[in-house]
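Participant: Show me how the following folds:
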Amino acid sequence: MRWHYSRRLPVGKMIRIGVWEGGVFIGAILFSQGNNLHIGEKYGLGLFDVCELTRVALAKHSAPVSRIVSIAIKFLVKKSPGIKLIVSYADPEHGHNGAIYQAMNWVYIGLSTPSLVYELNGKRIHSRVANPHNVQFGRACKRPHGIEQATKVKTAPKYKYLFPLNDHVRASVEKLRKPYPKRAGSETVDTSGDQPEKGGSIPTPALQTL
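Facilitator: Below is the predicted model:
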C-alpha cells in the first residue's frame with residue numbers, strides 16, 4: 001500500500017512474496033485470484049490453473065524489475081505447482097505499457113475489456129465489491145458504507161499480458177501474441193508501481209525473497 005500507486009491491496013487469497021536488496025526490505029510482489037472468476041476459460045483452463053500478478057510494489061532499488069519478478073515467479077511455482085498461466089495488466093491511465101513484461105517475453109494479447117468501477121470519496125471500488133449480491137469464497141461480502149452515493153465510472157482498457165508456465169499452454173497462447181505496445185519516453189513511467197525498472201550502471205546487489 002505504501003509503494004504501489006493504487007494504495008490498496010487486492011481482495012481474496014494471495015501469495016505475497018517479500019523482496020530484499022542488500023539486506024533491506026524494499027517491497028513485495030503479490031499474486032492473487034483477481035476479480036474475474038472466469039479468467040482462464042478462454043485458454044481452456046480452470047479457475048485454479050490461473051492467477052494474476054496483481055502488485056509489483058517496490059521502493060527505490062538497483063535490480064531490474066524484470067529480474068525481481070522472475071525470481072518471484074520461481075517462488076510462486078514452487079508454492080503453487082498447479083498454476084499454468086499468469087495474467088497481468090498494465091494500466092495506461094497511470095502511464096504504464098508493460099515494459100517489464102516485454103523484457104520477460106510475456107505474450108501481449110491486446111487491450112482488456114473496459115470495466116465499471118464506483119468512485120466514492122476519491123477512491124475507486126470495483127463493481128464486484130459494490131454488488132449487493134457479491135459472494136467471495138462462499139461468503140456474502142459487506143458493501144462499502146455509502147456506496148449508494150458513489151459515481152459509476154467506466155475505466156479505460158488495459159494492456160493485457162500472459163505468462164505461460166508450461167509448453168502446452170505456451171503453444172496455445174502464442175497464437176494470440178500481438179506486437180508489443182510502444183514504450184513511453186521514460187524508462188520509469190511504464191512499470192507496475194512507483195519503481196525504476198533498470199539498474200543502470202550501478203552493480204546490482206544480491207536479491208533475497210521470502
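Participant: Mark out where each domain of this structure begins and ends.
Facilitator: If you go by automatic domain parsing, the domain ranges for the chain are 14-112+157-209, 116-154.
Participant: where among those domains is the average confidence lowest?
Facilitator: Least confident of the domains of the chain, judged by mean pLDDT, is domain 116-154 with a mean of 57.
Participant: Any buried residues in the biggest helix by length in the chain, and which?
Facilitator: When the chain is parsed with DSSP state H, its longest helix is helix 65-79. For helix 65-79, a neighbour-count test (16 or more other CB atoms under 10 Å) marks 65-69, 71-73, 75-76 as buried. From N, CA and C alone the C-beta is placed, and that goes for glycine too.
Participant: Switch those over to TSV; also include distance to residue 166.
Facilitator: Below are those laid out as TSV (distance: CB to CB, whole Å):
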residue	distance to residue 166
65	24
66	21
67	22
68	23
69	18
71	19
72	18
73	13
75	17
76	14
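Participant: Tell me which stretches of the protein form strands.
Facilitator: 14-21, 24-32, 50-58, 85-90, 107-111, 116-120, 123-126, 135-136, 139-140, 151-154, 159-164, 207-209 (DSSP state E).
Participant: Can you tell me what sits against the fourth one?
Facilitator: Looking back up the chat, that one is strand 85-90. By CB atoms under 8 Å, 6 or more residues apart in numbering, the residues outside strand 85-90 that reach it are 31, 34, 39-40, 43, 45, 49-54, 73, 76, 96-98, 101, 106, 112, 158-165, 169, 173, 181, 190, 192.
Participant: Over to the fifth one?
Facilitator: Strand 107-111 is touched from outside by 98, 101-102, 157-164, 173-174, 176-181, with contacts defined as CB under 8 Å, 6+ apart.
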